[in-house]
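> Sequence and computational prediction follow.
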Amino acid sequence: MMLVSDGEENTPPLVDSPEVQREIERCKITIDSMLISRTADTVLIDLSAQTSGSSFYLNPQSPNWKDALQAAIAEMSKAALTPEERSSVCQVNVQKIHRFY
């Protein structure tokens with residue numbers, strides 16, 4: 001799963017809530033995060049580490065942040081699923097999970 005965020009977790013359910021943690025564990029998903037912010041909450045970086053994903057921090061005030069954004073998207077895209085993996089993708093309750101941003 002690719003997670004793009006402003007780097008602040010401020011809408012429930014929160015990532016470290018038991019409900020969200022159960023869904024992540026049940027689905028055995030890897031979460032790559034891209035945080036676009038001058039400051040970022042480390043909970044989303046920790047989430048990527050917890051799920052063996054990658055985390056990218058982009059400061060939108062940096063002069064080359066758009067190049068960094070393209071590089072991060074390219075790197076995250078390398079983790080595309082194989083056909084065998086696609087057949088076993090877990091259906092996630094999007095209503096609960098989409099609020100990570």
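Arrived safely.
> So Thr39, which state does it fall into?
coil (DSSP: H, G, I helix; E, B strand; the rest coil).
> nearest spatial neighbour of it, skipping sequence neighbours?
Take Thr39 and drop its neighbours on the chain: the residue closest to it by Cβ to Cβ, 6 or more residues apart in numbering is Gly7, 6.4 Å away. (Each C-beta comes from the backbone N, C-alpha and C, glycine too.)
> What's the per-residue pLDDT of Ser87 here?
Ser87 is assigned a pLDDT of 52 by the prediction.
> er, Glu84 I mean
63.
> now swap in Leu44 and tell me
Per-residue confidence for Leu44 comes out at a pLDDT of 86.
> So what's the gap between the helix or strand harbouring it and the chain middle?
When elements are defined using DSSP states H and E, Leu44 is found to belong to helix 42-50. Between the mean C-alpha location of helix 42-50 and the chain-wide mean there is a distance of 8 Å, by Cα atoms, centre = their mean, to the nearest Å.
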